[in-house]
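Colleague: 3D, please:
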Amino acid sequence: MEESNENKEIRRPRYAEAYYKKNTYYKRISIIKKILSHIILIIVGVYSIFPIYYVILTSLSSVNSIAETSLSDLFPKFFSLSNYYLILFKYPFLTWLGNTLIFCTASTAIGIAFAIIAGIGMSRFNIPGKKAILYMMLILTMFPFVVMVIPLYFMFATLHLVDTYQGLILAYTGGALVYSSWLIMNYVNSLPRDYEDAQDLDGLTQSQALFRILVPMSRPVIIFATLVAFMGPYTDYALAGQFITTPSMYTLAIGLYYTSTGTVVMNYNVYAAFSVLMGLPLFILFFVFQKYLVTGFSLATYK
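Modeller: Numbering: from 1, shown residues only. Model (predicted):
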């Protein structure tokens, strides 16, 4: 027993030394991984932020085109607000902004209202031809909206709705309706039916239960669909550029095109300033509803 105890006493330091070396090795690997991950995150962050920095910087400078820029322009000593003054006071920017908000708000409100009804209805009711409708919606979401510009133009021209508020609002409403209905339907499918089965306890009808229970529970995906439906018309040029020809009805996207083109070269500083002003409302929306966007992106999956 004494010899075995002595052997144990001799072996313990060896085991302790091996454990210490192994633990030190893993600590070094962990530190190296953290350093590398931070370096990669810094590179990705700079790569992501640089375009925004460059656009804001260009909007505050007098550079007229990309060809005139140099490395020293990335760290200028003087700034100017002349580009913003030109856009706000020399061009009808506020009129274009008002038109854009009219088109976006009206089409989003109408589209989301019908999308809620369609999404909940397809999720909870056995509608005749339901499978065919779902396949059609899925196919429509695969096509870019630009493909629909020419057919929509001819159809709305026949109805004398080109160059009118009603025509462009209806066109945008159709684009918001399909994708939003699909999102809401997928989300409602994931909700258990137990909530609606408890409607008898509260004396609610089936329609009351659907809109008093399912709609509040579907608020994250509804807000996400609303933001997506609003952002599409807000940044659209292809459809608005074809439907709208009257200058007083121009949207921000059309105004951005006409104010940024010069006689010889593109007025890039004006273009950058216009882009900053145009992006502010979207930035505010994304900042206010960022938690719903994160939730919505996780829910926006096809099932």
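Colleague: buried ones in stretch 78-92?
Modeller: Buried positions in stretch 78-92, judged by neighbour count with 16 or more other Cβ atoms under 10 Å: 83-84, 86-87, 91. For every residue, glycine as well, the C-beta is placed using N, CA and C.
Colleague: now swap in stretch 240-255 and tell me
Modeller: 240, 242-244, 249-255.
Colleague: make sure residue 160 is indeed in a strand.
Modeller: No. Judged by DSSP: H, G, I helix; E, B strand; the rest coil, residue 160 forms no part of a strand; its state is coil.
Colleague: returning to what we had before: distance to residue 176, secondary structure and pLDDT added to the buried residues of stretch 240-255, as a markdown table?
Modeller: Below are the buried residues of stretch 240-255 laid out as a markdown table (distance: Cβ to Cβ, whole Å; DSSP: H, G, I helix; E, B strand; the rest coil; pLDDT from 0 to 100):
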| residue | distance to residue 176 | secondary structure | pLDDT |
| --- | --- | --- | --- |
| 240 | 15 | helix | 89 |
| 242 | 18 | helix | 86 |
| 243 | 16 | helix | 89 |
| 244 | 18 | coil | 90 |
| 249 | 20 | helix | 91 |
| 250 | 21 | coil | 92 |
| 251 | 16 | coil | 92 |
| 252 | 18 | helix | 92 |
| 253 | 17 | helix | 90 |
| 254 | 20 | helix | 90 |
| 255 | 22 | helix | 88 |
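Colleague: how many neighbouring residues does residue 106 have?
Modeller: Counted with other Cβ atoms under 10 Å, residues neighbouring residue 106 total 18.
Colleague: again with residue 54
Modeller: Residue 54: 14 neighbours (other Cβ under 10 Å).
Colleague: next structured bit after the host helix or strand of it?
Modeller: Per DSSP states H and E, residue 54 falls inside helix 2-59. On the C-terminal side of helix 2-59, the nearest following helix or strand under DSSP H and E is helix 82-85.
Colleague: helices or strands up against that next one?
Modeller: helix 268-288 (3 or more Cβ pairs under 8 Å, 6 or more residues apart in numbering; DSSP states H and E).
Colleague: if we can go back for a sec, for the buried residues of stretch 240-255, which one is nearest residue 129?
Modeller: For these, the residue nearest residue 129 by Cβ to Cβ is residue 243; the value is 31.5 Å.
Colleague: OK, contacts around the closest residue to the closest one other than its chain neighbours?
Modeller: Among residues not flanking residue 243 along the chain, residue 168 sits closest, at 4.8 Å (Cβ to Cβ, 6 or more residues apart in numbering). Neighbouring residues of residue 168 by Cβ atoms under 8 Å, 6 or more residues apart in numbering: 103, 107, 239-240, 243-244.
Colleague: report the residue spans of this structure with pLDDT below the cut-off.
Modeller: Within the chain, the set of residues satisfying pLDDT under 70 comprises 1-23, 25, 62-74, 76, 195-204, 206, 260-266, 294-303.
Colleague: tell me, what residue is most central in it?
Modeller: residue 228 (5.6 Å; Cα atoms, centre = their mean).
Colleague: in a strand, that's where that one is, yeah?
Modeller: No. Membership of residue 228 in a strand is not supported by three-state DSSP, which gives helix.
Colleague: wait, it sits on residue 182?
Modeller: No. Using Cβ atoms under 8 Å, residue 228 makes no contact with residue 182, being 11.3 Å away.
Colleague: which among the contacts of residue 168 gets closest to residue 278?
Modeller: Distances from residue 278 to the contacts of residue 168, taken by Cβ to Cβ, are shortest for residue 240, at 13.2 Å.
Colleague: just give the nearest non-adjacent residue to the closest one, would you?
Modeller: residue 251 (4.8 Å).
Colleague: just residue 236 next, same as before
Modeller: In space, residue 236 is closest to residue 253, 5.9 Å off (Cβ to Cβ, 6+ apart).
Colleague: what residues of the helix or strand hosting residue 116 count as buried?
Modeller: Residue 116 is part of helix 93-124, with elements assigned from DSSP H and E. Across helix 93-124, burial judged by 16+ other Cβ under 10 Å covers 93, 96-97, 99-101, 103-104, 106-112, 114-116, 118-124.
Colleague: what's the answer for stretch 165-181, then?
Modeller: 167-181.
Colleague: also stretch 129-144?
Modeller: In stretch 129-144, counting by 16+ other Cβ under 10 Å, buried: 137, 140.
Colleague: so what touches stretch 239-259?
Modeller: Contacts for stretch 239-259 (Cβ under 8 Å, 6+ apart): 87, 91-93, 95-97, 99-100, 103, 145-146, 149, 152-153, 156, 162-163, 165, 167-168, 171-172, 233-237, 267, 270-271, 274-275, 278.
Colleague: dihedrals phi and psi, residue 190?
Modeller: The phi/psi pair for residue 190 (degrees, to the nearest 10) reads phi -80, psi -10.
Colleague: nothing else from me, thank you.
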